Every structure is written in C-alpha cells, then in structure tokens.
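Asker: The following comprises the amino acid sequence and a computationally predicted model.
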Amino acid sequence: MSDEVGSTKTPAPDDHLGSVLTENQSKFKTCGQIGFYRRQKDFHPDRSPYVAQLNTLNTENGVVTLNLTHQETQVPLKLQIFAVEGNILRLKINEESSVKPRFEVPDVLVKEPTTEQLKVSNLETGSLVLEQPSSSWKIHLTANPFSLLVTQEDKELISVNAQGQLYFENAVLPSKESGLTETDPANKPSASKEHFGLWKEKCEDYLDLKDPSSVGLDFTLHGFENVYGLPEHADTHQLQNTGESEAYRLYNLDVFGYRIHDKMGTYGSVPLLLAHKLSHTCGILWLNASETLVEVHSKAALKPQMHLPSPDMQKQRVVPNTDIRWMSESGVVDVFLLLGPAPHDIFKQYAQLTGTQMFPPLFSLGYHQCRWNYEDEADVEAVDSGFDEHDIPYDVIWLDIEHTDGKRYFTWDKEKFPNPVKMQENLREKRRKLVVISDPHIKVDPKYKLYAEAKEKGYFVKTINGRDFEGSCWPGASSYLDFTNPAVREWYSTQFSFDKYKNSTDVLFIWNDMNEPSVFESPEWTMPKEAVHHMGWHHRDLHNLYGFYQQMSTSEGLIHRSGGKERPFVLTRSFFAGSQRYGAVWTGDNKAEWEYLQISVPMLLTLSVTGISFCGADVGGFVGDPDAELLVRWYQAGSFQPFFRAHAMQGTRRREPWLFGEDNTSIIRRVIKERYTLLPFWYLLFYRAYLFAEPVMRLVLFFYLYNFLPH
Ligand code: MIG
C-alpha cells in the first residue's frame, strides 16, 4: 500500500477538539430552559380541569366525538375517538373552533387509517363505555374530570388523563364568551409571562416570538414496568425513569460528539413508546412533529404483604405501572394506542400506520468504506485497490463534502475529481458503488444553477418577513430547501436524473447529512422556530419532519432516475416516524471511545423496534483516533449490525483496515468476510422486515418470552 493512504494528512486536533466539544454541549437547552416545559410543569392541578360534555356526544360514521370543556376558562376542546382496524385506537384532541388552524402531521401515515364502527354500549350518568363488537377491548370514559380507561378482556390496560395532565394552550380565546383575550395556560395571574416564555422566549441572544400553543397528555400503563422506544438518545435500550427536572427530548439537532446517557435530543426522533410485560405488549405513537418532551415514571410492584396505609394504595401497588407524560410545543394531540397483544403485533400495527423498512439493494448490506474525506481520484483508487491487495471484500466507497465544487452539492471539485465518470466506471468494473453526500443547505451564489433556480421558484424556507431564510453552513451563507413543499420535493428529486446531475452514473447513491437541519450560529445550531414553510406553517410546528422529507425526496429521485426499476440507497442523519420507508439511518458523530461502541448496541436496538431496521453507527468512531484494539472490536461488533460502514472525521489518522499490522488486518478481514458469508441471511431478514415488519435487530425477549410462556 502506498504511504499516502497510511499518512496523516492533518494533525490530530485533540486539544482543540476537547474545547469544541465542551462548548458544543452548552449550546443545547436543558428542560428548565424550555418555556413550554416550564409552563406544563407548573400546571399540576389536583384534578383535571377538563370535563367531558356527554350531551355533545356524536357517533356519526362510528367515530365518537364529544367536547371537553375547561372548567375555568370554559374553552371547549373537541375529542375524537377512532377504532382503527387491527387493534389500534386513535384519539385526537383539537380546539373545538379555532382562530388559527393547528398543524397536523402529514405524509407520515401511509394512508388515512381504516376505522371500524365504535358503539356506545353503556350510557350512564357521568360515564360511558365504547366498544367495537368484534374486539376484546373496551373504552370506559369518565366525564368529570375527564379520563379514559382502556381495558382488554376486562383487565386494565391503559388510562388516559388519569393524572389530569391534559394540557392545551389556546393562543386566542373566543373573547366574547370568556371575556378574555389571551389565556395564561397556567391560569395564574401571578405567573410571570417572561418566566413561562408564552409569547417570547430567549435562546442565547435570540428572541423567539410565537403564540403559546403547547399540548400535553398523560397515560398510565397498567402492570407495565418496562418501556422502550423514543429514539434517538445515546442511552440504554430500556427507558429510564426521568427525574423531576429532565425528560426524554425529541428535537432533531446536530449534536457533534454527543454525550452518552443523556436525554437531550440528537439527530432524529420517533415518537413511539413500547411497553412490555409477560402477557402483553402495547405501544403509544404520539404523532406530533414539534419539539416534544416525554417523562417516564415506572413504579415497581410492592409486595402485597407489605403494610400499606390505605386499601386504595394496596390495590394500586400490587401491580407495577408506568406513567408517561407527553408534552409538545405546538400542533394537536393525535395519538395511536397500539394494543398488541404480542410484540410482533405491535411491530405490525406500527407498520400498518407508518410503513415497513424499505427493502435495501443487496450491495448496501455489504461493507461500506467512508472517510471525511477521500481526497481525490488517486486516493479513491488507492483505497479501492487496497481492498483487493489485502483480500478484503467491500462494496461501497464514500465521498464527503470535499468532493464538491465549494460545497455546491451536485457538482464536483474539478481539480480533485477531474474525471468522476472514469472513477465510477472503475468501480463498476469491480461491481462496486459510490455514495456521495448531498446536504439540504444550498450555497447563496447566483451563479450556482441549483441556487438560482430554487430562488427564482421560491423554493427556500422563508423568514417571517417573507425573505429567503439565510443561515450559515459548510458553504458559508446558505438557504434551505423547503422539503415540506411537495413541489420542492418533486423538483429536488429530478436533480438526481443523469442529465441534470452531471457526471453521475447509476453506481452513484446518496447520503443526506445536516438535515435536522443544522444551521451554524443559530439557536441550538438549527433553524429558528419562527421560520416559515409551505402553507405558512412555522418551523416550530414541523421541525422534526425536515430530514424525513429530504430523504423521501432523494429516495424518490433515485427511483425516478432508474425509470422506476431500481431500489434506491439513501442514508440520512435526521429522521422521523416513517423514515424507514426511504432508506438507512446512522447515529451521527460518535466518538472513537469504548463507551460509544457499547452504546451503539442499545441505540440501534431502539431504532429497530421503532421501525427503523436499516441502521448503523460509524465503525471506529467518528471523532478522534481509535487504537488498534478498539478498531478491531468495533469491526467485530459492526459486522453484526444492520448498516455496516466505517467512517472517520477530517483530521483523524487514516484507518483503512490494513493499517494496523497484519494480525489486526487478518481479524478485520475475517469479520468482513463473515459478513459476506451471512449476506444472504441479512438479505432474507431485510426482506422479512419489509414484508412482515419484523425488526432485523431485536431483543430476544420480544420473540421468545411471549411465545413460550403461558399467557
Ligand atoms: O459537521 O460532512 O455526521 O458524518 O462526515 C460535520 C462532514 C458535517 C457531519 C456528519 C459526518 C460527516 C461530516 N458532517
């Protein structure tokens, strides 16, 4: 192998890195710094202020609708209850009449769920029972205060609003009836507006102006102690109890070198929580794309013989339970209760709503070699032939942002990559592929065709003043494509066609990075919440969907360029529920440290049980230099993880598999070859994930306990 590949081109930036990482952590909010969290936490009534108005009950088309009225403000909310086919319940809560419509998440559900007729079976004063004749569950609704209890075969399963935490901020009230023009949702005249960040909220030097529109609701899972899901966090697979001052945060952020065992948001979000006990598995999908916080409080069962002060308490605590509280900054309450009962039923129910894993092309299940950056064509060729010389199989080599002309995506750096077609032909001869990066920020440069065209068509996200939003990212000043607009997605997807994307061939596939979106020097390194999208929605309402839409559009572009014949491969960093339909996800900028290798396992398991089977972590660790032992161990683990790619940050030492002595090379060679030996099996597992919604990576208990223990 030439010295070139083994040499360190840039000194390892260790000290500098340390300070960047520390500084990096402090730019993200803690719960206490989030206005809607403070407001919701300040709301802890003895009983829920909401009362169900049974006289408003309507059962048209088998959907149950009734009003919930806030006892003090008298503002009514509209509750809808749907029985969705396949043992799923859907609850929607929205304003009964609104001054401004609220955002409801589009495009995540594969179709409008098919509903079955709900029947009101027992209308007593103050309560009613809803059932669907062919199902074994029942919904018991109590009017005052409002709560729901779902039972299955007459056993308590899930309660809703049993803790009274239904919370709904109405920006502007119908003032005639209430005599109020604005509500303080905490309903405390003494509460300082500034503290609660109702109308404005500071993030560093940045002032966010908005209407208060936060929503929240609690669920009690009866008999459940173990809960899972809610990616993406660098944390254990089983969710931890959240303390009084923290919650799992779902807010997609560019968290370079993220902390482990932290509940801060990372790059992607799936608002799906699973709960498992021996006799039952169930799930809660909270369909909201704004910033969301989730509290988990599991209470273990107390032994029945223990002395408990009251018979009531005794009853409560002989079984364990878990309280879940969801809080979102805006949107509506739209929640699906997946009633199982077996783990595989939950996976199916979730897939019925949001789709299954896309069936990946075979090559993408092989080994991928990536680095920021493979410098030029000679470098690519040297690395490529290095694999042959060392008898190590691989399928894909990757090019990061430096391959472009000044970070203008869809272009090539003419000095470093003068002949990209030739380079791709060389790869093709060996039946190998190329993946190149394509980020959502577009360099502000009127001479850059993509920019000029998008600008002219009005395809960028706007500021509240109607100008194109400009932020800073890799290319310098950049505008951001508004992927929430179907016309933008359509246009962007055509950019991948061979005639538009110069020097691309059918062995080239795509990597979407920075799509949280990442905006340098902006609050929490992302887009300001009041930025304006298609149809006038604010970024706040749909933040967590941005990356989902970019991958959707890219994936459609690759399908389109092949005349609808080929399955695409698109890797994304940011994601949401449903992203499994478009390709693969990786866990972003991990570090070359043992703890990050360890945490990759629970992180990937969690993604897997929330529908995203095609997931992986950078083998070797992105930030910093792994020593030989860590690198070898990482290959050993990574070869058994679904998406298998080595990657390294700019400035780290080169680490192609043959640079650590023959002993280490031979171990790495062996595990990569084993991966290829098992490739047909991986392919089969992915086919089953695609067809039957079976996660590729899965906990043994999900598939073992339920099937073999009596229930
Ligand atoms: O912040 O494109 O997570 O995989 O190599 C750096 C350069 C931007 C972040 C990605 C990483 C990628 C890098 N990108």
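Answerer: Everything's here; your move. Numbers count the residues shown, from 1 in each chain.
Asker: In the chain, what residue comes closest to the ligand?
Answerer: Taking CB to the nearest ligand atom as the measure, the chain has residue 372 as its residue closest to the ligand, at 3.6 Å. Where you see a C-beta, it was placed from the backbone N, CA and C, and this is true even at glycine.
Asker: Next, count neighbours for the nearest residue to that residue once chain neighbours are set aside.
Answerer: The shortest distance from residue 372 to any residue other than its chain neighbours is 4.0 Å, reached at residue 400 (CB to CB, 6 or more residues apart in numbering). Using other CB atoms under 10 Å, residue 400 has 20 other residues around it.
Asker: and residue 400, what does it touch?
Answerer: Counting by CB atoms under 8 Å, 6 or more residues apart in numbering, residue 400 makes contact with 370, 371, 372, 373, 374, 437, 650.
Asker: Touching, the last one and residue 373? I think so.
Answerer: Right, the one you point to is residue 650. Yes. Counting by CB atoms under 8 Å, residue 650 touches residue 373, with 6.5 Å between them.
Asker: which residues in the stretch 151-300 of the chain form helices?
Answerer: Under the criterion DSSP state H, counting those that start in this stretch, helices of the stretch 151-300 of the chain are mapped to 175-178, 193-196.
Asker: Could you tell me the least trusted of those?
Answerer: Lowest mean pLDDT within the helices of the stretch 151-300 of the chain: helix 175-178, at a mean of 37.
Asker: Point out where this structure drops to low pLDDT.
Answerer: 1-25, 171-195, 204-205, 303-317, 702-711 (pLDDT under 70).
Asker: let's see it at 80
Answerer: 1-26, 98-99, 122-123, 171-211, 245, 301-318, 701-711 (pLDDT under 80).
Asker: How many neighbouring residues does the residue of the chain closest to the ligand have?
Answerer: Applying other CB under 10 Å, we find 18 residues neighbouring residue 372.
Asker: Can you verify my assumption that it contacts residue 623?
Answerer: No. Residue 372 is beyond contact range of residue 623, at 10.8 Å (criterion: CB under 8 Å).
Asker: which residues do those two both contact?
Answerer: Counting by CB under 8 Å, 6+ apart, the contacts common to residue 372 and residue 623 are residue 649.
Asker: what's the nearest residue to residue 570 once chain neighbours are set aside in contact with, if anything?
Answerer: Excluding its sequence neighbours, the residue lying closest to residue 570 (CB to CB, 6+ apart) is residue 583, at 3.8 Å. Shown in contact with residue 583 (CB under 8 Å, 6+ apart): 358, 360, 551, 555, 568, 569, 570, 571, 572, 614.
Asker: Just the ones of those in strands?
Answerer: Using DSSP state E, 570, 571, 572 are the members of the contacts of residue 583 that sit in strands.
Asker: In JSON lines: those residues, plus distance to residue 507 and neighbour count.
Answerer: JSON lines is the format used below for those (distance: CB to CB, whole Å; neighbours: other CB atoms under 10 Å):
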{"residue": "570", "distance to residue 507": "15", "neighbour count": "27"}
{"residue": "571", "distance to residue 507": "16", "neighbour count": "26"}
{"residue": "572", "distance to residue 507": "20", "neighbour count": "25"}
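Asker: Residue 441: how many residues sit nearby?
Answerer: Using other CB under 10 Å, residue 441 is surrounded by 26 other residues.
Asker: Number the residues from 862 up from this point.
Answerer: Got it, first residue is 862 now, which makes that one residue 1302.
Asker: residues touching it, list them.
Answerer: Counting by CB under 8 Å, 6+ apart, residue 1302 has contacts 1332, 1334, 1335, 1336, 1339, 1340, 1341, 1375, 1378, 1379, 1380.
Asker: What parts of the stretch 1212-1361 of the chain come near the ligand?
Answerer: Proximity of the stretch 1212-1361 of the chain to the ligand (CB under 6 Å from any ligand atom) is limited to residues 1233, 1261, 1262, 1298.
Asker: Could you report the separation of the most centrally placed residue in the chain from residue 1105?
Answerer: By CA atoms, centre = their mean, the chain has its centre lying nearest to residue 1130, at 2.0 Å. Distance, residue 1130 to residue 1105, by CB to CB, to the nearest Å: 23 Å.
Asker: Quick check: nearest residue in space to residue 1216, chain neighbours excluded?
Answerer: That would be residue 1442: by CB to CB, 6+ apart, it lies 4.2 Å from residue 1216.
Asker: Let me see the contact set for that neighbour.
Answerer: Contacts of residue 1442 by CB under 8 Å, 6+ apart are 971, 1215, 1216, 1217, 1218, 1219, 1413, 1416.
Asker: Once you drop chain neighbours, what's closest to the last one?
Answerer: What sits nearest to residue 1416 in space, not counting adjacent residues and going by CB to CB, 6+ apart, is residue 1443, at 4.1 Å.
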